[in-house]
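*Asks:* one predicted model, sequence on top.
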Amino acid sequence: MFYFVSKIFVFLISPLFYLFLFLGIGFFSKNKNKYIVVSFVLLYFFSCPYIFNQVAQKWESEPKEMSKIGKFEYGILLGGILSVDKTNSEIRFSGNSSRLLYTAELFHNKNISKIFISAGGTDTLKKNRIEAQVIKQKLISLGVPSDSILTENKSLNTYQNALYSSKILEKEKPESSFLLITSAYHIKRAKACFKKQGFDIECFPVDKLGDSPRFVYSQFFPQQALFYKWDYILHEIFGFIVYKVVGYI
């Protein structure tokens, strides 16, 4: 139930939802000009690179150099990097797929000795579409031995990532070291979930959305692509708050 409610919640915090909401209200309102002004303010706010970069800088974790992170027994790779095209059933990798590539690189650089994949199914009714298994096969194709990869394939959200990973790695937690590999915007919530489950864990952020905020003219020109990035940031900020309220972190 929580999973489906969260999907509706994601839609309700989308910047585009509020933009269309105010435009819709304005269309039927006697004070059309007021709502048109509000809509334009929202449009500029969510399309301004400088504003987005200021928020992202405060929320996202900074990337780390591999040479400075040390060595870990397990690299925990979180899913959410696959989707299925409904028309031709093709499996696609999303923009978050650099999580997978960095994990393979961390393994080959000997920063991690084993890889633990925590990812539910893109289509759990078909074994060949379980995300953890698809990711595992891709890692094998990148030169990672099969016996160095463990999987968990039941989780549907970040809380379940941590919960089910904890159950499988329970005996390892007191003596092994763990490196959590996920997107920079996702680190705060993911790390808190794993700490709640008793992991003493370090993080390796990837897929940073924001740039350094600089007071230059180019960062004040609207960019439509930022609406897509705002969806990720707002989802994580509100997700962190909700997880805190329900006791997941």
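*Replies:* Noted; the coordinates are in hand. As the structure is a prediction and not an experimental result, all values here were calculated from the model.
*Asks:* residue 60 against residue 189, yeah?
*Replies:* No - Residue 60 is beyond contact range of residue 189, at 11.8 Å (criterion: CB atoms under 8 Å). The C-beta positions use only the backbone N, C-alpha and C, and glycine is treated the same way.
*Asks:* so how far is residue 194 from residue 232?
*Replies:* Applying CB to CB, to the nearest Å, the value for residue 232 to residue 194 is 20 Å.
*Asks:* residue 96 too?
*Replies:* Per CB to CB, residue 96 is found 18 Å from residue 194.
*Asks:* now swap in residue 67 and tell me
*Replies:* 24 Å.
*Asks:* run through who's touching the top helix by length along the chain.
*Replies:* If you go by DSSP state H, the chain has its longest helix at helix 226-246. Here helix 226-246 makes contact (CB atoms under 8 Å, 6 or more residues apart in numbering) with 2, 6, 9-10, 13-16, 46-49, 52, 55-56, 59-60, 158-159, 183, 185-186, 188-189, 192-193, 209-210, 249.
*Asks:* buried ones in stretch 58-67?
*Replies:* Neighbour counts over stretch 58-67 (16 or more other CB atoms under 10 Å) mark 59-61 as buried.
*Asks:* the protein: helices as residue ranges?
*Replies:* Along the chain, the segments classed as helices by DSSP H run 2-12, 15-28, 32-47, 49-59, 98-108, 131-141, 158-168, 187-196, 226-246.
*Asks:* who does the fourth one touch, helix- and strand-wise?
*Replies:* Right, the one you point to is helix 49-59. On a contact count with 3 or more CB pairs under 8 Å, 6 or more residues apart in numbering; DSSP states H and E, helix 49-59 meets helix 226-246.
*Asks:* then the helix it packs on to PDB, C-alphas only?
*Replies:* What follows is helix 226-246, C-alpha atoms only, in PDB (Å, rounded to 0.1, in the frame of the first residue of the first chain):
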ATOM      1  CA  LEU A 226      15.700  21.100 -15.100                       C
ATOM      2  CA  PHE A 227      12.100  20.100 -14.500                       C
ATOM      3  CA  TYR A 228      13.200  16.500 -14.900                       C
ATOM      4  CA  LYS A 229      16.000  17.100 -12.300                       C
ATOM      5  CA  TRP A 230      13.700  18.800  -9.900                       C
ATOM      6  CA  ASP A 231      11.500  15.700  -9.900                       C
ATOM      7  CA  TYR A 232      14.400  13.700  -8.500                       C
ATOM      8  CA  ILE A 233      15.500  16.200  -5.900                       C
ATOM      9  CA  LEU A 234      11.900  17.000  -4.600                       C
ATOM     10  CA  HIS A 235      11.100  13.200  -4.600                       C
ATOM     11  CA  GLU A 236      14.200  12.700  -2.300                       C
ATOM     12  CA  ILE A 237      13.600  15.600   0.000                       C
ATOM     13  CA  PHE A 238       9.900  14.800   0.600                       C
ATOM     14  CA  GLY A 239      10.700  11.100   0.700                       C
ATOM     15  CA  PHE A 240      13.300  11.700   3.400                       C
ATOM     16  CA  ILE A 241      10.600  13.600   5.400                       C
ATOM     17  CA  VAL A 242       8.000  10.800   5.000                       C
ATOM     18  CA  TYR A 243      10.500   8.100   5.900                       C
ATOM     19  CA  LYS A 244      11.400  10.100   9.000                       C
ATOM     20  CA  VAL A 245       7.700  10.400  10.000                       C
ATOM     21  CA  VAL A 246       6.900   6.700   9.500                       C
END
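*Asks:* what's the mean pLDDT across that helix?
*Replies:* Averaging pLDDT along helix 226-246 gives 93.
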